[in-house]
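# Sequence plus the predicted model coming up.
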Amino acid sequence: MMGSAAGGGMGGSVIACVSTGKRRTGAPETVLPKLDYARRLVAALSLVLLRQRDATGLIALSGGSVVTGGDSMTVWVNAATKKAAKVFVATTYQGDAVTMNATFNTLPTGLDYVNFADIQIPSRSMEVQVSNFNYNKNN
């Protein structure tokens with residue numbers, strides 16, 4: 001079952017799964033239903049979009065412990081274009097800490113893509129860098 005929570009004046013919506021498949025734990029009086037949680041999230045994001053821009057016009061959206069306990073992800077979104085500008089992820093894989101930094105760019109057609117990504121696993125002395133550039137239109 002799906003529910004939605006519209007953001008006041010944002011021109012968009014958030015779709016939240018309100019199924020009982022993954023229950024959050026805690027005292028019943030302190031755990032919000034998923035749809036109410038989505039509504040509060042939209043209200044908070046609306047406030048951020050309206051009042052909390054940084055000097056470069058980017059808004060940082062962060063979350064943690066979503067996939068595994070202790071992981072985190074931050075996405076910086078351009079407030080004017082509503083497009084992702086960069087992302088940082090910190091998590092673990094097979095017990096090792098992993099970080100990823102990525103930046104985004106936009107083609108003249110409007111398509112967004114990962115411009116540069118850097119993935120590091122310090123305990124294994126591993127680093128992967130991916131750079132995408134010079135996209136050309138096929139004939």
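Now that the structure is in, tell me what you want to look at.
# And what about Leu35, helix, strand or coil?
helix (DSSP: H, G, I helix; E, B strand; the rest coil).
# neighbours of it, just the number please.
16 (other Cβ atoms under 10 Å). (C-beta placed from N, C-alpha, C; glycine too.)
# Check Ile119 too.
Count around Ile119 with other Cβ under 10 Å applied: 16.
# How many residues are close by Arg39?
There are 19 residues near Arg39, going by other Cβ under 10 Å.
# Quick one: classify it as helix, strand or coil.
Criterion first, three-state DSSP; result for Arg39: helix.
# Identify the residues contacting Asp71.
64-65, 89-92 (Cβ atoms under 8 Å, 6 or more residues apart in numbering).
# Nearest to Phe133 among those residues?
Val89 (22.1 Å; Cβ to Cβ).
# so how far is Ala117 from the closest residue to that closest one other than its chain neighbours?
The spatially closest residue to Val89, leaving aside those adjacent along the chain, is Met100, at 4.4 Å (Cβ to Cβ, 6 or more residues apart in numbering). Met100 is 6 Å from Ala117, where distance means Cβ to Cβ, to the nearest Å.
# helix or strand for the residue nearest to Val89, which one?
strand 96-106 (DSSP states H and E).
# Can I get that strand in CSV, CA atoms only?
This file holds the C-alpha atoms of strand 96-106, laid out as CSV (Å, rounded to 0.1, in the frame of the first residue of the first chain):
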residue,chain,number,x,y,z
ASP,A,96,35.8,-3.3,6.1
ALA,A,97,35.0,0.4,6.2
VAL,A,98,34.2,1.8,2.7
THR,A,99,33.7,5.4,1.6
MET,A,100,32.5,6.8,-1.7
ASN,A,101,32.6,10.4,-2.9
ALA,A,102,30.9,11.3,-6.2
THR,A,103,30.1,14.4,-8.1
PHE,A,104,27.5,14.9,-10.8
ASN,A,105,27.3,16.9,-14.0
THR,A,106,24.6,17.5,-16.6
